[in-house]
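Colleague: here is my input; please provide its structure:
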Amino acid sequence: MQKTKIEWCNYTWNPIVGCKRGCSYCYAKRIWDRFNPGMAFSEIRVYPDRLADKMPKEPSKIFVGSMSDFEYWDRADMESVLRVCESNPQHTFIFLSKSLPYWLIPWPENTMQGLTTENPNLDKGKVLRMGDGADCPRPFLSIEPMFGGMDYACPDYFECVIAGAQTGPGANGPADWMIKTILQNVPEEKLFWKDTLKARAAKLKAATSTTPNKRQGKTAEHLNSMDAAASPVLGIAK
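Modeller: As a prediction, this is how the structure comes out:
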């Protein structure tokens, strides 16, 4: 369990590490290679002792598997992680995957289930299927790194939408038109802009007469404070 600078959570927790996806820009692989030379990041490694990590004293938002994608976890290992989540109801445990391995998983009420995409247009099928049969009590969407736009209305079932740009060596930021499509198609109250895009998004919003699509649905009001204890849900700084 480690404190983190990731804006939308307080801690990261990695009882399982490794990912077979092979994204060229993967920050987790860069970190792994730096501290574990010669050890393949594509190998999934389980650290059972981390299941007993001391939990924070204050209610916190904990990103589970920041150094992995749980699509590649064994079912038994996933269930072991979820039992720890369920036994700590004061915390919110946040999961994130680029795929849709969400069906038939007994998600505790204090978990959030995220789908991450680089290009919402190319991944429209996955984005729309997230709410069609996936047993996700609290789904959210992460558009990071943003390499494309969103030319359709964001489904109401997403609790919030996180948007950010690529970071690290050779990083490429999204074009203005991509950011504008997010502003146009995601309800403002659900949007959480990471620091990598916050200023650009605010500038583009101020420069355009386009009004963001504000449909009914759950809001992301809980994204407005970094103090998790002050928020009934997540408490993410906006």
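
Colleague: helix or strand next in line after the helix or strand of the chain with the lowest mean pLDDT, which one?
Modeller: Counting by mean pLDDT, DSSP states H and E, the chain has its least confident helix or strand at helix 27-35, which shows a mean of 88. Next along the chain after helix 27-35, taking DSSP states H and E as the criterion, comes strand 45-46.

Colleague: strands paired with that next one, and their directions?
Modeller: Using DSSP bridges, the strands paired with strand 45-46 are strand 16-17 (antiparallel).

Colleague: distance-wise, check Asn121 relative to Glu188.
Modeller: From Asn121 across to Glu188, the span is 20 Å (CB to CB, to the nearest Å). For the C-beta atoms, the positions are set from N, CA and C on the backbone; glycine is no exception.

Colleague: still on that earlier bit, what does the least confident helix or strand of the chain contact?
Modeller: By CB atoms under 8 Å, 6 or more residues apart in numbering, the surrounding residues in contact with helix 27-35 are 17-19, 23, 39, 41, 66-68, 167-168.

Colleague: farthest pair in the residues you listed?
Modeller: Farthest-apart pair in those is Met39 and Thr167; separation 23.3 Å (CB to CB).

Colleague: list the buried ones in stretch 8-25?
Modeller: Using 16 or more other CB atoms under 10 Å as the test for burial, stretch 8-25 gives 8-19, 25.

Colleague: try stretch 161-173
Modeller: Applying a neighbour-count criterion of 16+ other CB under 10 Å, one finds 161-166, 173 buried in stretch 161-173.

Colleague: out of those, which is nearest to Leu82?
Modeller: Comparing the buried residues of stretch 161-173 against Leu82 with CB to CB places Ile162 closest, at 22.2 Å.

Colleague: quick one: Arg129 from Asn172, how far?
Modeller: Counting by CB to CB, the gap from Arg129 to Asn172 is 28 Å.

Colleague: show me the shaky parts of this protein.
Modeller: 133-134, 209-238 (pLDDT under 70).

Colleague: redo that, cut-off 90
Modeller: The chain contains residues with pLDDT under 90 at 5-6, 20-31, 33, 38, 42, 99-106, 129-137, 166-173, 207-238.

Colleague: just the helices in it please.
Modeller: Taking DSSP state H as the test, the helices found in the chain are 27-35, 75-86, 124-129, 176-185, 195-207.

Colleague: list the helices and strands the shortest one packs on?
Modeller: Under the contact criterion of 3 or more CB pairs under 8 Å, 6 or more residues apart in numbering; DSSP states H and E, the helices and strands touching helix 124-129 comprise strand 111-117.

Colleague: pretty sure Lys98 contacts Lys20?
Modeller: No: using CB atoms under 8 Å, Lys98 makes no contact with Lys20, being 11.3 Å away.

Colleague: residue contacts, Leu141?
Modeller: Applying CB under 8 Å, 6+ apart, one finds that Leu141 lies in contact with 114-117, 120, 127, 130, 154, 158, 160-162.
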